[in-house]
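A.B. asks: Sequence plus the predicted model coming up.
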Amino acid sequence: MHDVRLVLRGMWFRRGVSLAVLVIASLVVGAAVTGPLFLRSAGESVLRDTLSQALPIGRIVTDHLNGTVRTRRLEEVVRRSDHRLRSVPTLNRLLVSPVESLQVRAIAGTPGTTGNPAPLVYRAGVCSHVTIQKGRCATRAGSVIVSASAAASQHWRVGGVLEVNGRRVTVAGVYAPLEPTGDYWAGRPYFAAYSGSGVAGDQGGTLDAIFAPRATVEDQPGDTDSVGAVDRYLDLDRIRLTDLPALRKDLGTYGQGSEQLTADGTSSDTAAMVAVLMEADEIRDKLTLPVWVVEIQLLVLCWLILFLVVSNASEARGPEVALAKLRGVPPGRTVAFGLLDTLVLVVLAVPIGFALAVGWVSGIASLSLAPSTPVVITGAAGLAAFGAGLGAAVAAVLAGSRTLRRPVVEQWRRASRRAKARPWAVDVVVGLASVAGLVVLARRGAVGTEAGSPSVLALLAPGLVVLAAALIGSRVLPGLCRAGFGRTRRRRAGLGGFLAVRQLGRRPSTLRLALVLSVAFGLVAFAIDAWAVARTNAHDRAWTEVGAAEVLTVSPPPGQDLAAIVNRLDPSGRQATAVSTATEFRGSDQVQLLAVQPDRFARIAFWRTDFGPASLPRLTGRLTTTAAPPVMLSGEQLRVNVRAGRLPGAREPLLVAEVAQREGGLTPITLGPLHEGVNTLTADLPCLTGGCRLAGVHLDRPAGAFYPIGGSLTLTGVSTRTGAGWRTVDAHLSDAHGARGAHAWRPAGGGATAVTPTGSGLTLTTHANAADTPTWRIADTPAALPALATGPPTGPVRITGLTGQALAVHALSTGPALPGAGTHGVVVDRAYAQRALHGFNTVTSETVWLAPSAVDTFPHRLERAGVAILDTSSAAHQTAIYERQGPALAILLFLAGALLGAVLAAGGAVLHLHLTGRRRTYELAAMSALGVRRGTLFTALYAEQSLLILFGIAIGVAAGIVGAVLTVPVVPEFADLPTTPPMLYGLHAVPVLLTVAAVVAVLAVVVAASSINLMRTSRFDQLREAPA
C-alpha cells in the first residue's frame, strides 16, 4: 500500500507528464478500437445504401394469388401469407405491415365508346399516397379516382360516369401519385402507361391505374381475372448485419414454401431481395481487407509514438530510480516504483480510449456514412481494447527497462557522454523488409502499375515507402550535422548554428523523434492525396452518370411539349433543360441516345475539359446545322394546289400529305387523285388547335393496285382553312432553300428522284416501280443528325431513335465521356430528333436537367405547370453513395487515422521537448556561465529543435508523395470498375502543403515557447544543485 501511495504521489508531482502519457495512451487505445467499430458501422452503412438504392422489388416480399373476382382471392392470399410468415421469425420481424391489393383487367371509357385497357386496382391506404388534384379520394362503393394524364387525354371529368368492364362508376377525383417509385407501390407499373391520340400511325398503350375502393373492384363481373396480392417491405431502420444469415435462410424457406403452393396458384417473389442481400455482402467484403490493412499500419505507428513518449517519461524519472537504488530499496520494489505509474496510466487509458473511439466513430458515421447508421459495440472492439492496453503495457515495460538497468552514476551525470547510437542491425532488417515488401507488391501489380487494375494491397505500399525513407533519413541527418560543423565554425556569428548542429550530431539517439515524425507525416501526405483523388473521382463519376446537379424523370401533360414548358418556366435558359432519352440494346452492350436543347444543355450539363476536343458550348453549337424551318399547320382543312404532267399508269395516283402531330406519330392524309393538269386537293386536318407539322408528301395507289409511276408534278400552293377562311402556308415551294440556306425539300426514297424549284412552284420527279411509294420530305432536319458520341464511329451510323425507329446520326466529335450518356452514348439536337422521328412515345424517357441553383425551386414550378415528376436523380446524392462504398471508406479511415497519428507524433514531439528540458537547463547554465550570450543560446535551442522537426516532416512528406504517385492509381476507390469517365490521379499538392504548413506553423510556435521557457528556467545557481 505504501508503494501505491508513493506512486500516486509521484504521478501527482509529475501531473503534467502523467496527463500527457494518459492522453497519448488513450488515443492509442482509441485508434485500436476504431478499426472494428468503424468496420461494423461501415458495413451497416453499405447494407443500408445497397437496400435503399435497389429497385423496390429488391426490398419487398410479395405474395400473390391468381383467380377471378368471384373466387375472392385476396382473403386467401392474406391468410396463407400470415401463416407462412410465422415459420420465418427473422423475416417476419424485419417486415413492416402488409399492403393488400386486388387488381383486375379492365376496359375503361365514357359510355358509348370502345374504351382503353386500364388496370382497376384496390390498394390499401392509397389515399395517403396520392395527391388529389381535383375532387376527392374514392371511398364509396361505385367510385374511382383517375390519373391526371388519363383525365386530360380521355377528357374525363370529376363527377362524370365511366364504364369499366360494363359496370358504371363515378369519377370521384383526379390524382397524381406521391413517390411513384417508392416502396408503397412495390414496383408495380401503375403509372407507366401512355395514352395514344387515336389517330392513324400513333402508338398508344394502356391508361394509368384506376384506383377504387375494394367494394368497387369486387363488384366487377364474377368471371373477370383478378390478382390478390400482399406486399411487405423491409424496415431499413431495423435491419442489421447480424440479421443477414438468418434472413437469407428465411427467404430460402419462404421461397420453397411458395413452390409447394404453386399448384394452388400462390406464388412469392423473394429472389430479388436475396440478390440484393448478396450484393450488399460482396460490397461489405471488399471493405474488410482494406480496413484491416489500414488499421495495422496505424497501430504500428501509434505504438511507436507511445514507446517514444514512455521512453522519454522513463528517462525523466531516472534520478528518482537512482535515488531509490542508493537508499537500498529492494529490486522488486524498485521495478514497481519505476513502472507502476505508467502501467496504472495504461489501465486508465483503456476505458477512456474505448469511449473516445465510440465518440469519433459516431462522428464519422454522422458525417460520412449513410443517415442513421448505428455504431454497434461488438466483441471485436473489446478484444481490440484489451490488445491495445496489453501492447501499451509492453511498450511501457520495454521503454522503462533501459532506465531501470542504467547505473546510478550514469543516471546522475550532468554532462552526458555521447549517447550510444541506434544499432544498425535493426535498421538494416526493417529496411530490407520494407524493400522486399515493395518488390512483392510490385510483382502483384499493387505498385507502379497503370490505373484500372486496383489492388487492396496497394494500401500497404505507402507505409513501406515512408518507413524506408524515415530510416534512411534518420541515419543521414547526424552525418549532415557533422559535415556542417566546419561551415558553422568558419562563419561569423555562427555559434548558435554550430551549437544546434553539434547537439544533433552528438546525440543521434534523439533522432528517433525525427523517425516517428517522418512516418506519421508521410502517411498523412499519402492519405490526404488519396482522399482528395477519391473524392474528385467520386464527384466526377456521379456528375457524369447523372448528367447535371439533378435530373427529374417527368411526364408532361398530354398534348404538350416538355421543351416548350421548360422554356416558358425558365426564359433565361440557365436553370433547366429538357432532355429526351432512349436506350438501344445491342447484345450485352447498350447505346444511350440523348436529344437535348443545345444551348441550355451546354450551360447545365456537367463537363470536364478531357471529355472532348473543345468546350461543351462549342461542341453543342455544332449540333444545330442548316435546315429548313418546319412547316406548321393549324385549322380544319388542308388544301394543296398541284399541276401534274402526264403520270403513266393503270389508274390515277393518289397524293397523300404526311402530317406529324404534337402527340406523336406520322398521320397520312389522303388529299385525292391526281389527273393531268391543275388539281386543287382538300382534306380534313386532325389538329384544330395547332401542333401539326407538314412532314412531306408521297404518291400512293388505289387499294389493291400495283403499277409503276413515272413523271413529274409541281406543288404550287399550300393553305389551311380556319374560322377566318383560307390562309396561305409557306411550305418553301418557290425556293429550293430554307431561311438558313438549306435545301428545303429532298427525295426520301421509294422511287422519288428529284426536287426542282421553278418560278411557279416545286417540281417533284419520280420513276417508281410497281411496289414503290415515291416520297418527298421537307428538309427541316439534316439527313443524318449531327451528334456527339462516346462510342460510335465518326461516319454515319443508324441507332434506335426515340420512337423505336432507326435514326441516322453522324458523329462530329467523339470523346471518352458525355454527361448522362453512359459508356456508349449519342447526343443530338432535340428539335431535329423530334422532327425526324415525328414525335416521341413510349420508348422515350422525358427528363428535365437542373442547374444547382434551381434544385430547390424548379421541381415545384414544374408540378404547378402540370408536369408529373416520376423520379429524381441527384448528383450530390450519388456522390455521397460512392463516397460511402467500401474502398472509399477505407481511404477515409486511412485519412482519419493518419491525422490522428500526426497529432500523436506532434504531441510526442512537444512532450519530448518538455521532458528533455530539465537536463538541458544545466548545459545552458554552464554555457551562460562561460560567457555565451543568451540570444545565441536561444538561437541554438530554436534551430536545433526546428531542424529536427522540419527534417522529419520534410522526409515524411516527400516519401508520402512518392508513395502516392506510385500507388494511388491502383488503390481501389469504388466497389466496381468504372468505365466512364476516365479517372484522374494527378497529385493534389495544395491540400497536402496546406496541412503541412498549418502543422509546421503550430509547431514553430510551440518550439519557440519551449525554448523561451528553457532559457527562463536556466540559472547559474543550478550548477550547485543535484539533478532532481
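C.D. replies: In hand now; what should we look at?
A.B. asks: With adjacent residues omitted, what lies nearest to P630?
C.D. replies: Distance criterion CB to CB, 6 or more residues apart in numbering; nearest residue to P630, sequence neighbours excluded, is D780 at 4.5 Å. C-beta coordinates here come from the backbone N, C-alpha and C atoms, glycine included.
A.B. asks: Quick check: which ranges of the stretch 601-750 of the chain have low pLDDT?
C.D. replies: Within the stretch 601-750 of the chain, the stretches with pLDDT under 70 are 649-650, 662-665, 688-691, 704, 735-742.
A.B. asks: residue ranges for the helices of it, please.
C.D. replies: Along the stretch 601-750 of the chain, counting by DSSP state H, counting those that start in this stretch, helices occupy 616-621.
A.B. asks: May I see the buried residues of the strand ranked longest in the chain?
C.D. replies: Ranked by number of residues, the top strand in the chain under DSSP state E is strand 709-722. Using 16 or more other CB atoms under 10 Å as the test for burial, strand 709-722 gives 709-721.
A.B. asks: cool, and stretch 611-626?
C.D. replies: By neighbour count with 16+ other CB under 10 Å, stretch 611-626 contains the buried residues F611, G612, L616, L619, T620, L623, T624, T625.
A.B. asks: and Q575, how far is that from F601?
C.D. replies: In this view, Q575 and F601 are 13 Å apart by CB to CB, to the nearest Å.
A.B. asks: cool, and L367?
C.D. replies: L367 sits 34 Å away from F601 when distances are taken as CB to CB.
A.B. asks: Between those two, which has more neighbouring residues?
C.D. replies: F601 (28 against 8; other CB atoms under 10 Å).
A.B. asks: Which residue, other than its chain neighbours, is closest to the more buried one?
C.D. replies: Per CB to CB, 6+ apart, closest to F601 is T577, 5.2 Å.
A.B. asks: okay, now the domains of this structure?
C.D. replies: For the chain, automatic domain parsing gives the domain ranges 1-58+274-413, 59-273, 423-545+875-1021, 558-625+783-865, 631-778.
A.B. asks: Give me the distance between the two termini of the second one.
C.D. replies: Spelled out, that is domain 59-273. Using CA to CA, to the nearest Å, the end-to-end distance of domain 59-273 comes to 5 Å.
A.B. asks: What segments of the stretch 251-400 of the chain are helices?
C.D. replies: Under DSSP H, counting those that start in this stretch, the stretch 251-400 of the chain gives helices at 271-316, 318-326, 331-368, 379-405.
A.B. asks: So for stretch 904-914, what gets flagged as buried?
C.D. replies: L904, A905, A906, G907, G908, A909, V910, L911, H912, L913, H914.
A.B. asks: Of these, just say which sits nearest to A854.
C.D. replies: A906 (45.4 Å; CB to CB).
A.B. asks: OK, contacts around T242?
C.D. replies: For T242, no contacting residues are found, by CB atoms under 8 Å, 6 or more residues apart in numbering.
A.B. asks: Could you verify that it is part of a helix?
C.D. replies: Yes - membership of T242 in a helix is supported by DSSP: H, G, I helix; E, B strand; the rest coil.
A.B. asks: where's it relative to A370, distance?
C.D. replies: Where A370 is concerned, T242 sits at a distance of 17 Å (CB to CB).
A.B. asks: Also G182?
C.D. replies: Using CB to CB, one obtains 18 Å as the distance from G182 to A370.
A.B. asks: Which one of these two is surrounded by more residues?
C.D. replies: Between G182 and A370, counted using other CB under 10 Å, A370 has the larger neighbour count: 21 against 14.
A.B. asks: pLDDT below threshold where in the stretch 251-400 of the chain?
C.D. replies: Across the stretch 251-400 of the chain (using pLDDT under 70), the flagged ranges come out as 256-269, 312-339, 399-400.
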